[in-house]
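A.B. asks: Okay, here's the prediction I keep looking at, along with the sequence it came from:
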Amino acid sequence: MPYIHRLFHVILIFFPLFANMANGYSQQKVNGYVLDIETGESLPGANIITYPWGTGTTTNQYGYFSLSLPNQTQKVTISYIGYKPIEISTSELPDSTLILFLEPGYILNDITVKTNTLQNFIATPNSPILKLRQSEFRQAGSIFGEPDLLKKIQTLPGISQGKEGGSEIYVRGGHPGQNLIMLDGAPVYNINHAFGLLSIFNVDALKEATIYKGGIPARFGGRLSSVIDVWGREGNENKNQGSFFFSSIGTGLTLEGPVVKKKSTWLLSARRSWPDLLYSGFQSLSSNGRFVPGISFSDITARVNFKIGTDRLFLNLYHGKDNFFVRSETATNKTNYHLSWGNYLASAGYTSVLSSDLFAHALLYFSNYFDKEESENSSQAYNDYFERLSLFRELGTKLSLDWQINTNLLIKTGIAGSYQRFRPAKTNQSLQGQYYSENSPYSDIKTINLYGEGIWSTEHWNLQAGIRTLGEKRDGKSITAILPRLSIGHNLSEQFALKASGMITRQSFYVLSKSSSGWPGYFYVPVPPHVDSSMGTDLSVGFNVSTNRKWNIDIQGYIRQYKNIAASYEIPSDAFAQIDWAEKIKIGDGRSSGLEFLGECHYPFGALKLAYTLSRTQAKFNEYYDGQWFNGDYDRRHDLHLNLLFSLKNDATRKRQLSVNFYYRTGQPLTLPSSEVSGLYPPLLKESYWYDFSFIPHYSGPNNTRMPDYHRLDISYETTKKKKHGARTLSFGLYNAYNRQNPYLIYFDNDDNAYKQLTLFPVMPFIMWKRTF
Amino acid sequence: MYMPGKPLSFILFLLSLNLTLSCTSEFEGEFPREAPMPVINAIITADSTISVTLSWTRRPNSMEAFVPITGAEILLWENNTLLDLPQETEEGVYLFNHSAKAGCIYRIEVSKSGMKTVSATTIVPENMEASVILEENPLGEWDKNHFKLTLGGPTDSMRGLWIVTTLNNNNGTSVEQASGLYCNSVLPDVFNRTYDSSVPDGYVYEYEFFIRIDAQSLNTTSQVLFFKPWTMSSQIDVFIITASEDYDKYFKTAWEQKSWDPEVDLPFSYQPIFIYSNITNGYGIFAGCNIQKFRF
C-alpha cells in the first residue's frame, strides 16, 4: 500500500509544528502490537507500564501502542485483565515494531497500573468514560436469556433504559438519536431488533465497547449526547472455530478462522429469530397456504482482516433487518402486507505504522437505514399497491494520526468528511389504475471536520484538550463552528483521583419517534433550513476511589443543556413518511443535571456492583405550558441497579456462577388527560357513530404525570463446561422473579371506560444454550 | 400510522405467545390536576343559524355531566361587524338570530365575571366546486353502481374536504349515516382507512364513516374519485363538506383520539393525541364549514 503511505505523509506536511516537537526529544522509543496468543486478535486497552516509574500507555483499538521510555527505565510490563502479564527488560527491546502475545486465563491482581490514558476499570478514574470488554457483555444484560450489549450499557450510571425490554440508550437525559453509535468506527443507525427487545449487536462478534458520557474527545462529533464506540472481533488467525447458541427468542452461529495463517482472518456471524417460524408454519398449514403471516429479525456480520507487515486492512459488512408480513389469498385476490426496517453498513479500514511514534488509520464507510410499509393486492382487474418509506444514507471517510511525541504527550489529529442524504417521505400508490406519488425532496448534509487533541499525562495529571472544527452545508446553507473539548484528571494518590470535563457538541439531524408511547420506531430528518443545528453542552466533575482492584467507587456530577431539539408529541405517527413532517414537530430546549454513583467490590467468591443515578431532565417548548420547563421524556429521578455475582466454581474445566440483579427507577413521565372537555360529533348523524364524541380528553401538556415506580429482580444461573473441543454454556433463570406488575403502557379502555396499565414482562423463565467448537 | 387491523392482531398474538403472562390491570398512578376551564363549542355552517355552547371542563374519568356556563356575555363579529346578542335558549346554549355566510370571518368573545375573556376566530369557507353522479361500476358484483365525484381546485380558505353519505327513508329523511365507504382512489387521507382484500366490487380500502381529502392533494393529482357506501338504499344523500382549517384539524384529531382501539392498536400505535383547539383562554372549537348536498 505505498500510495496510502504517501497519503499519510502528505497529511504530515500540514502539521509541521508537531513534527518539530517530535524531533526535539531523544528518549528511547518502543512501539508494537499486543495480541492474544491463542487467536492472534488484538487486545485494545492493554497496559504498557514502565518500571520503576509506573507511567506508560495503553494500546489503541487496533492493539497498537507507542511509548517513549523515560531515562533510566529498567523494564516494561505489558498486562491485560484476564491475561498473564509479561515483562521485558529495556536492554532487550528491539528497534523494530514489537509483536507481543499475552496468554489468557490469568487474573491480574498484583500490578499497580498508572497509565497516561485509561485504566481497566469499568469507570476510568480520570474521565467520564465507561469501558466494557467481551467477557462482560454476557453479564446482567440479557433478556429471555439472549445477551445484549446495550442492555448491559443500560445498567451503568447516567444511562437509562426507555421502555422495559427496549434497547434504547438515554445518556444524561439525551434522546437515543443523539448518541453516536459506531461499529468499527462507522456510524450505525437505529439499533433496534424485534421492536426493540434486542439490539443489532451480536455479542459473539464483538470485542470491546467504550461509552463516552461526557468529555467526548474531539475525534468524535455529529451527536449531542454520547458516543458508544463498539469494535468487532477480527477472528482467530491460528485455527478455525465457531460457536452456536439457542435462546428463548433467537439462534445464532459464529464461525471464524484464518484465510492464511498468521496473515489474514475471516469472521462470519449470523442470528435469526425462531418462534416466528413455528407460528408461520402452523398458520400456513392450517390455512392450506392461503394465510401466511410472519415476524422475524435477522442480522449477519462478515469481516476479513489482513496483516501487511505492520499495517492492517479490514473489510466489514453488516446487514440487519426486521420483517413483519401477512400474505393471504382468496379465489380472486392475492394480498401482501409487509412492514420492514433495517440497516446496511459497509466499511473498509487501513492502519499503518508510519514510524515508531506515528500511527495512522483511514476509514471509508457507507451506512444506510430504511423504514418501509407496503401492501399489494392483485385481482383480475388491477394490480394495486401502496408503499411509503423513509430513507437515510451516509457516506463518509476518516483519516487520522496518533502521534506519541514523548512519554507524556500523545497528539491525535485528523480529518473526517461525510455526506448524509435524507428522504424523509416517499409514498407511491397505484389504485384502480390511478397512480399517485408524493416524495419529499432529497435533503443533503455535507460535513467536513478537522480535529486535534492533545493527551498530556504525568504520574499525577491527565489533560485531554481538543478542538473540533465543523464545516457544514445543509440545504444550501453554510455553517461553521468550533467545538472545544476538555477533560482533566488528577491523581491525588494511588487510590484517589479527581476528574472534570466539558464539551460542546452539535447535531444537524433529528431522529423522530413514530409513536409517543415510547415504542422504538424512528425516522431520520435534517434540521429544517430555518432552524440552527442542535447544540449541546456538558460539564461534569467527579472523583474515583479504588484499592488494588478490590473495590472501586466512582462519583460524578454533571450539568447538561440542549438547544434546538425537536419533539413530536401531538400525533407523532402522522409525521412518519409525510412530506409536511416539518410542520408536525416542535423545536425547543432541554436541560439535565445529575449525580452518578458506581461502586464495585470484588471478593474471592464473586463481585458486587451498585450503580445509582439521581438526576433531573427537563424540556421547554413554547407550545406547551406557556413555555415553562416540564419533565423530559426520560427524566428518571432515581435509577438504581444492584448486581451480585457469586462464583460457585471456577477451575480449568468448569465454571458456575449465580447472578442476582435488582433494578429500581422512578416511573417514567407519562401524558394523561388533565381534564375532559365537552365534545362535538362529526357531521351528520351523531347516533350513527360508534365512538363517544360527547367528551374529549384534554391533555394539559406532555409528560404531565408519571407511571408507578419500576422495580424487578432477576436471578440467573450459568454453567460452563470445557469440552474436548470448545465449551458448553447453559444459562437459565427468572426474569422479574417476584412478578412485579410494572406498567409497560397506560391506555384508555373504551369497554371499561377507565385507564388500564399493560404489564408486558411479568415473571418469566428463560434459558440459553451455547456451544463453542 | 396506517396499519390494517389484521396484521396488528397478528403482532399482538405473537406477543401474547412469547409473553404469555402479560396482563392488564387498573392504572395505579395519579392523574394530573387542572383547574376547570371554560369550553366553547360552535360549528359555523354557511346559511345556517349560529349556535354556541358553553361549559366547564370536568375531571378525567368523571361520570358527572358537564356544568354549563350560564349568563355569559357573548360578542360575535362577522367580518368585523358586531352581530346582535344571542338568546340563551337552554342552559349554556346561545343562539344567534343570524345565518352565517360563506367567505366571512367570525370572531367570538365570551366573558363572565370571575373568568378571563375567552375568544376565537374562524372562517366559513366558500364551497369547493364539486359534482357527483351515480354510474355503473364495471367491477360491480353485489351492486352495479357507485358514485363518481369530480372536484375543482381547492378554495383559499379551505383545508380539507369531507365526504359523508346518509341513507334515507321513503320520506327523504336521513335515517342512518353509512358507517363505511369503499374507495380506492389515491386522493383521500389514509388516517381512517383500512385494508381488506375481501371487500366486494373491486375495492380493497374501507374508510370509516367518511372520506377526508387534504386540500394539498387536490392541487397535484386527478380530481376524480369513485366511491360507494357499505350499503346502498333507494335514496342516498351525498354530502361534500368544505372544511376550514379549524374544522379540519379538530375533527381529524378527535377522530384519531377516539378511534384508537387498544385491543387492536396496542402496544404499537397507542398514543395520547392532543385535540386541536383554536380557543384562547379556554378549550373547545370554534370552526367554520360549508356543506353541499347531492340526492340520489
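C.D. replies: That came through fine.
A.B. asks: C-alpha only now, for contacts and for neighbours.
C.D. replies: Fine.
A.B. asks: Run through the stretch 1-150 of chain B and note the low-pLDDT ranges.
C.D. replies: B:1-22, B:141-142 (pLDDT under 70).
A.B. asks: and A:Gly454, what are its bridge partners?
C.D. replies: Beta-bridge partners recorded for A:Gly454 (DSSP bridges): A:Ile411, A:Ala465.
A.B. asks: contacting residues for it?
C.D. replies: Shown in contact with A:Gly454 (C-alpha atoms under 8 Å, 6 or more residues apart in numbering or on different chains): A:Leu409, A:Leu410, A:Ile411, A:Lys412, A:Leu463, A:Gln464, A:Ala465, A:Gly466.
A.B. asks: swap in A:Asn190?
C.D. replies: Counted by C-alpha under 8 Å, 6+ apart, A:Asn190 has contacts A:Gly342, A:Asn343, A:Tyr369, A:Tyr522.
A.B. asks: residues contacting the last one?
C.D. replies: Applying C-alpha under 8 Å, 6+ apart, we find A:Tyr522 in contact with A:Asn190, A:Val511, A:Leu512, A:Ser513, A:Lys514.
A.B. asks: Can you give me every residue that contacts residue 158?
C.D. replies: Answering for chain A, as no chain was given. A:Val171, A:Arg172, A:Lys213, A:Gly594, A:Leu595, A:Glu596, A:Thr613.
A.B. asks: Oops, wrong one, chain B.
C.D. replies: Contacts of B:Met158 by C-alpha under 8 Å, 6+ apart are B:Pro125, B:Glu126, B:Ala215, B:Thr242, B:Ala243, B:Ser244, B:Glu245.
A.B. asks: What sits closest to it if chain neighbours are left out?
C.D. replies: Among residues not flanking B:Met158 along the chain, B:Ser244 sits closest, at 4.7 Å (C-alpha to C-alpha, 6 or more residues apart in numbering or on different chains).
A.B. asks: That neighbour against B:Thr155, yeah?
C.D. replies: No. Using C-alpha atoms under 8 Å, B:Ser244 makes no contact with B:Thr155, being 10.0 Å away.
A.B. asks: Common neighbours of the two, please.
C.D. replies: Joint contacts of B:Ser244 and B:Thr155 (C-alpha under 8 Å, 6+ apart) are B:Pro125.
A.B. asks: Mind checking which of these two has more residues around it?
C.D. replies: Neighbour comparison, B:Ser244 and B:Thr155: the larger count goes to B:Ser244, with 23 against 15 (by other C-alpha atoms under 10 Å in any protein chain shown).
A.B. asks: What ranges does chain B have for its helices?
C.D. replies: With DSSP state H as the criterion, chain B has helices at B:5-18, B:215-220, B:245-259, B:262-265.
A.B. asks: that older thread, take the contacts of B:Met158 and keep only those in strands.
C.D. replies: B:Thr242, B:Ala243 (DSSP state E).
A.B. asks: pull the longest strand from chain B.
C.D. replies: Counting by DSSP E, the longest strand found in chain B is strand B:283-295.
A.B. asks: What angle do helix B:245-259 and it make with each other?
C.D. replies: Angle of strand B:283-295 versus helix B:245-259, following axes from the mean of the first three to the mean of the last three C-alpha atoms, to 10 degrees, is 100 degrees.
A.B. asks: Tell me how many other residues crowd residue 193.
C.D. replies: If you meant another chain, say so; for now it's chain A. 25.
A.B. asks: look at chain B instead
C.D. replies: Neighbour tally, B:Arg193, other C-alpha under 10 Å: 23.
A.B. asks: Chain neighbours aside, what residue packs nearest to it?
C.D. replies: In space, B:Arg193 is closest to B:Tyr207, 4.6 Å off (C-alpha to C-alpha, 6+ apart).
A.B. asks: now do A:Tyr385
C.D. replies: Nearest non-adjacent residue to A:Tyr385 (C-alpha to C-alpha, 6+ apart): A:Glu376, at 4.3 Å.
A.B. asks: Each with direction, which strands does the one helix or strand that neighbour maps to pair with?
C.D. replies: Assigned by DSSP states H and E, A:Glu376 belongs to strand A:358-378. If you go by DSSP bridges, strand A:358-378 pairs up with strand A:334-355 (antiparallel), strand A:383-404 (antiparallel).
A.B. asks: Turn those strands into a markdown table, including mean neighbour count and mean pLDDT.
C.D. replies: Shown next, in a markdown table, are those (neighbours: other C-alpha atoms under 10 Å in any protein chain shown; pLDDT from 0 to 100):
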| stretch | mean neighbour count | mean pLDDT |
| --- | --- | --- |
| strand A:334-355 | 20 | 89 |
| strand A:383-404 | 21 | 89 |
